[in-house]
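when you get a sec, could you give me coordinates for this:
(one chain, ligands or ions: 1)
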Amino acid sequence: MVYEKLNMNSASYILNFLVAMKKSINGLMCAVLLLAILSCKNDKPALISKISLNQNWEFSELGTNQWMPATVPGTVHADLLANGMIENLHYRLNESDVQWIENKQWVYKTIFSVDEKLQLSNVIELIFEGLDTYADVYLNNNRVLEADNMFIAHRIDVKNYLKAGENELRVVFHSPVEKGMEKLNQLNYLLPATNEQAPEGERTNIFTRKAPFHFGWDWGPRLVTSGIWRNVSLSAYDYAKIENVYVQTTHIENNTAKLSGFAEIAVEAEGEYFLNLLIDNRTQKVDKRIELKPGLQKIDFEFDIENPSLWWSNGLGEPHLYDFRFNLKKGRQVIDHKELSFGVRTLELVQEPDDTGRSFFFRLNGIPVFMKGANVIPSNTLTPSVAEETYRRLLKNATDANMNMLRVWGGAIYEEDIFYELCDRNGILVWQDFMFACALQPGDEAHLENIRKEAEYNVKRLRNHACIALWCGNNENLHGWHHWGWKESLEPEVRDFVWRTYERIFYEILPAAVKSYDPKTEYWSSSPTAYGNMLADRKSGDEHDWTVWFGQQPFSNYEKNVPRFVSEYGLQAFPSMHTIREFSEEGDWDIHSEVMRRRQRSNMNWVSQGFNGNDMIKWYMDKYYKVPANFEDFVYVSQLLHAEAYKTAIEAHRRNMPHCMGSLYWQLNDSWPTISWATVDYYGRWKASHYAVRDANTALMLSPTIEDNKLVVYAVSDLMEQQNCDLYISLLSFYGDTLYSFNAGVAVLPNQSTKVYTLALDQLCEKGFNKSKVVLHATLKNINEVKAENLYYFVAPKELELPDAKVSVSARKTSSGNEIQLSADALVKNLFIDTATPDVFFNDNYFDLLPGKPKIIQAVTKSDLKIDDFVLKYLNQMQ
Ligand code: BMA
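Next up is the predicted model:
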């Protein structure tokens, strides 16, 4: 326990006093005075004390008294698993065996001791950073809290309930499903919701402020868990503490950044205090003497930073962060402090009327930036189980794929602090949804007040992060109201009330929270929308382009009528066989097996009864590829299909800049090992698509395409300087003969898409080539350095007449790892290198190998790399 009431100042004070008294007063008198000083409480201000209460927890089903050790932060599912009471949730059909957990009540308890000094503090608060969800909290048998929102922290004044010595803290969790049912039954109509995996009349997630995806989603299991999912602590102080701070960059001009903000101080003892700000441990900025009265007090400040190092998004520059330390002092003693890693930057969402509609793009430090990225979901359904290492891996996968934005989607959680810290540090902007997805909300006042508190808490919690780019009200609720039959499903008088509730939440409560607590950041009411309450129309605002996949349109649809900012689109693939082996047995390896069908959660009964994502993968595969009979080959081809879809979409979006200024695909990661849209699976294994996304997102990208019977090559640049390069175009036979070639110097303009080559297809056809036997190779070079490169085929892979090709592989150890050299005597399409051991990462994979152009890749592994372990797969083998 870190608690020191008699601090250094007090000690030296007493010492000086003794020295002064020594000569004139006798020893006894001196001792009496010293005692008086020591017993006088609050003689000098002490630091705020914080004590973690995460230890010594036990849990039991209510009423059974079968106590087992528990982990806090945690969940009941993880605790049952750790105690051997349930089996691996991810294996085969085990998920269905644990559904009983959601119907029970669970109790957690701990005993902790408090010393007398702490107990004497003026204010003692018990802090729960997150309780999931309906929880009654008892301290020494006194009910001190009734919680009903997973997304807010609770601070409870417990001074009157805490004793010196041992204390018992107990938390009773009610079944979220039972509580939800009670609320559902109070309404005499059904509020529309999609995606929750419960029968229509039992959908309860909308009544409960709890992660919607816990109730099952179209990529994740139903695990309606409960638990103390974030830290628990005690905080004690005598005088005052910094409740929160807010800092914003108001503008940057002539090399000076103007910053402003405020601190909110919770004051217990009236009097004189000092607030100062120290930057990077050396420069003092704010330095204020303040007279504070008891209660919450707001202190405004403004300051400048000369020649600021700005925060840039990934690819544009360094995401510089300053260390800000706010000190609250009483006399010369620091009694509380708050630290921030602060990025100086300006960011605007620009929506200006233009010929098409309204623009929708982000301007960072004055520069329009094309947003390249993805939607993220929690990396585990049981979110406290996500290790810091997994967050690091998630962010690395984003930056390795040249991303600069992630969307925290509204059916999940307001992420952990570490997520936003890593985004700050890696230059990843965050499109932050409030936690509302694919469902309407009840409109009773208590529910709306709960939402108001949640918005206020989370905006305050996250607003100082440089990464926070946008607050978005909900995911697809406006779309659902108009397009999924929601409004038609409600009787007219109910309909008006439900719509009014929508307006109150998304046009009043949430934007008011953003305006009051994070005024520098834009609010966007729903994704997708054109603007205001206008439906997405591709002419303005953002769009979810699901014409491919749910709409069964061809990939070429991504190239038509490109929206202004595509915040969702995607197609599914199977994860790697290494991952499939983790959750299934060999007997399950069939897309129609019970295990594979249950694992697949995207159901499309409108196509035909029982049609699901596995069928859809096959349906698309059949359009573009020969469908292999063998399951393992099917898995491999599903990944090629996936990669091709994302490559087509990203290239089309980027070619269309500045009309289109963002491409965030669905979805970067998985919450369990599954078949989904994710480009990186639950174990962090890259699907073929993640390599394709990385390549399509490079700062300088070459993109050949066919437009109006012409071959057109675009050079898309996110760089800030013009690139003067040589463009090489060659049409190659699969055996490496050059059938046509062209080269010229080109100027690739900064931060835009430039057409660098056009040739009528007729002219190319005059060369008499067979479309099934050629590939176009486009390269941008500066002197001899390849700056960008791409291949283009004129027909779908299934129509290619791929040659019999022989691949040669050799490997050697280098000082930095393992180097693999690959070469082929004829074109090898989508070469997939795998090893028998699952932990090898290849820095490139699933690529096409041109004859006579050997390729060197790196293999990263902790174990020994054996070339005999290599497994090579390529499309030529599946003719
Ligand atoms: C998007 C998301 C999710 C869903 C995904 C795939 O629209 O908003 O609701 O998981 O589609 O269907």
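
and the helices in the stretch 351-500 of the chain, which stretches?
388-400, 417-426, 445-462, 477-483, 492-503 (DSSP state H, counting those that start in this stretch).

for the ligand, find the nearest of these.
Set against the ligand and scored by CB to the nearest ligand atom, the helices of the stretch 351-500 of the chain come closest in helix 477-483, at 8.6 Å. C-beta: built from backbone N, CA, C; applies to glycine.

can I get the helices of the stretch 351-500 of the chain in a markdown table with distance to the ligand, mean pLDDT and mean neighbour count?
Below are those laid out as a markdown table (distance: least, CB to the nearest ligand atom, whole Å; pLDDT from 0 to 100; neighbours: other CB atoms under 10 Å):
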| stretch | distance to the ligand | mean pLDDT | mean neighbour count |
| --- | --- | --- | --- |
| helix 388-400 | 18 | 98 | 17 |
| helix 417-426 | 19 | 98 | 20 |
| helix 445-462 | 19 | 98 | 18 |
| helix 477-483 | 9 | 97 | 20 |
| helix 492-503 | 17 | 96 | 15 |
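
got the residues of the stretch 601-750 of the chain near the ligand?
W666 (CB under 6 Å from any ligand atom).

out of the helices of the stretch 351-500 of the chain, which is closest to G532?
helix 477-483 (10.0 Å; CB to CB).

got a list of what N474 touches?
Residues counted as contacts of N474 (CB atoms under 8 Å, 6 or more residues apart in numbering) are G410, D433, F434, F436, A437, F506, S525, S526, S527.

look up the closest residue to it, ignoring the ones flanking it.
The shortest distance from N474 to any non-neighbouring residue, by CB to CB, 6 or more residues apart in numbering, is to F436 (3.7 Å).

what do you get for I706?
Spatial nearest neighbour of I706, chain neighbours left out: L761 (6.8 Å); criterion: CB to CB, 6+ apart.

what is the neighbour count of the residue of the stretch 101-250 of the chain found nearest the ligand?
Taking CB to the nearest ligand atom as the measure, the stretch 101-250 of the chain has D218 as its residue closest to the ligand, at 4.7 Å. Close neighbours of D218, defined as other CB atoms under 10 Å, add up to 20.

wait, isn't it in contact with N612?
No - using CB atoms under 8 Å, D218 makes no contact with N612, being 9.7 Å away.

anything in contact with each of the two?
Between them, D218 and N612 share the contacting residues S602, N603, judged by CB under 8 Å, 6+ apart.

where in this structure is the helix or strand with the lowest mean pLDDT?
Ranked by mean pLDDT, DSSP states H and E, the weakest helix or strand in the chain is helix 27-39, scoring a mean of 36.

give me the mean pLDDT for the longest strand along the chain.
Using DSSP state E, we find that the single longest strand of the chain is strand 240-253. Mean pLDDT, strand 240-253: 97.

now do that strand against helix 445-462, angle only.
70 degrees (axes from the mean of the first three to the mean of the last three CA atoms, to 10 degrees).

got the end-to-end distance for stretch 821-837?
Terminal residues of stretch 821-837 lie 19 Å apart, using CA to CA, to the nearest Å.

so A836 makes contact with D869?
Yes - the pair A836 and D869 qualifies as a contact (CB under 8 Å) at a distance of 4.5 Å.

which strand residues bridge F361?
The partner list for F361 in beta bridges (DSSP bridges) reads V350.

state the distance from it to the ligand.
Distance of F361 to the ligand, computed by CB to the nearest ligand atom, to the nearest Å: 22 Å.

what parts of this protein come near the ligand?
So the chain meets the ligand at 195, 217-219, 409, 411, 437-438, 475-476, 544, 568, 666 (CB under 6 Å from any ligand atom).

8 Å - rerun?
Residues of the chain lying close to the ligand by CB under 8 Å from any ligand atom are 194-195, 217-219, 375, 377, 409-411, 437-438, 475-476, 527, 544, 546, 549-550, 568, 570, 602, 666-667, 677.

among these, name the buried ones.
Buried members of the residues of the chain next to the ligand, counted by 16 or more other CB atoms under 10 Å: 195, 217-219, 375, 377, 409-411, 437-438, 475-476, 527, 544, 549, 568, 570, 602, 666-667, 677.

so M621 sits right up against L641, yeah?
Yes - assessed by CB under 8 Å, M621 is found in contact with L641 at 5.4 Å.

pull up the pairing partners for the helix or strand just after the least confident helix or strand of the chain, direction included.
Sequence-wise, the next helix or strand downstream of helix 27-39 (DSSP states H and E) is strand 49-52. Strand pairing for strand 49-52, determined by DSSP bridges: strand 232-237 (antiparallel).

quick one: contacts of the partner strand?
3, 46, 48-54, 72, 114, 118, 121-129, 155, 158, 162, 169, 241, 268, 335-336.

list the buried residues in that strand.
Within strand 232-237, the residues that count as buried by 16+ other CB under 10 Å are V232, L234, S235, A236, Y237.

which stretches in the stretch 501-650 of the chain count as helices?
Listed in chain order (using DSSP H, counting those that start in this stretch), the helices of the stretch 501-650 of the chain are 510-517, 577-583, 594-599, 613-624, 631-655.

count the residues that sit near the spatially closest residue to I252 that is not a sequence neighbour.
Spatial nearest neighbour of I252, chain neighbours left out: T346 (6.0 Å); criterion: CB to CB, 6+ apart. T346 is flanked by 18 other residues according to other CB under 10 Å.

where does pLDDT dip in the stretch 1-150 of the chain?
Scanning the stretch 1-150 of the chain for pLDDT under 70 picks out 1-45.

do that again at 80, thanks
1-47 (pLDDT under 80).

and the residue of it closest to the ligand?
Closest point on the stretch 1-150 of the chain to the ligand, by CB to the nearest ligand atom, is E95, at 17.4 Å.

who are the contact partners of N167?
Contacts of N167 (CB under 8 Å, 6+ apart): I111, F112, S113, V114, L139, N140.

next, the closest residue to the fifth one other than its chain neighbours: secondary structure please.
If I follow you right, that is L139. Leaving aside its sequence neighbours, L139 sits nearest to Y161 (CB to CB, 6+ apart; 4.6 Å). What DSSP: H, G, I helix; E, B strand; the rest coil gives for Y161 is coil.

so what pLDDT did Y161 get?
97.

correct me if wrong: it contacts Y138.
No - Y161 is not in contact with Y138 according to CB under 8 Å; the separation is 9.2 Å.

any residues in contact with both of these two?
V144.

so what secondary structure elements neighbour the one helix or strand H690 maps to?
Element membership of H690, judged by DSSP H and E, is helix 688-696. Applying 3 or more CB pairs under 8 Å, 6 or more residues apart in numbering; DSSP states H and E, one finds that helix 688-696 contacts helix 631-655.

between the helix it packs on and helix 688-696, how big is the angle?
Using the same axes, to 10 degrees, helix 631-655 lies at 20 degrees relative to helix 688-696.

report the buried residues of helix 631-655.
Across helix 631-655, burial judged by 16+ other CB under 10 Å covers 631, 633-655.

name the next helix or strand downstream of that helix, please.
Past helix 631-655, the next helix or strand by DSSP H and E is strand 662-665.

state the mean pLDDT of that following strand.
Confidence over strand 662-665 (mean pLDDT, whole number) is 98.

just to revisit the earlier point, could the helices of the stretch 501-650 of the chain be laid out in JSON lines, adding mean pLDDT and distance to G366?
Compiled in JSON lines, the helices of the stretch 501-650 of the chain are given as follows (pLDDT from 0 to 100; distance: least, CB to CB, whole Å):
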{"stretch": "helix 510-517", "mean pLDDT": "98", "distance to G366": "23"}
{"stretch": "helix 577-583", "mean pLDDT": "98", "distance to G366": "44"}
{"stretch": "helix 594-599", "mean pLDDT": "98", "distance to G366": "47"}
{"stretch": "helix 613-624", "mean pLDDT": "98", "distance to G366": "42"}
{"stretch": "helix 631-655", "mean pLDDT": "98", "distance to G366": "21"}
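
wait, which of those helices is closest to W686?
Nearest of those (CB to CB): helix 631-655, 9.6 Å.

what angle do the closest one and helix 613-624 make?
70 degrees.

run the chain-centre distance for helix 631-655.
Relative to the chain's own centre, helix 631-655 is displaced by 22 Å; criterion: CA atoms, centre = their mean, to the nearest Å.
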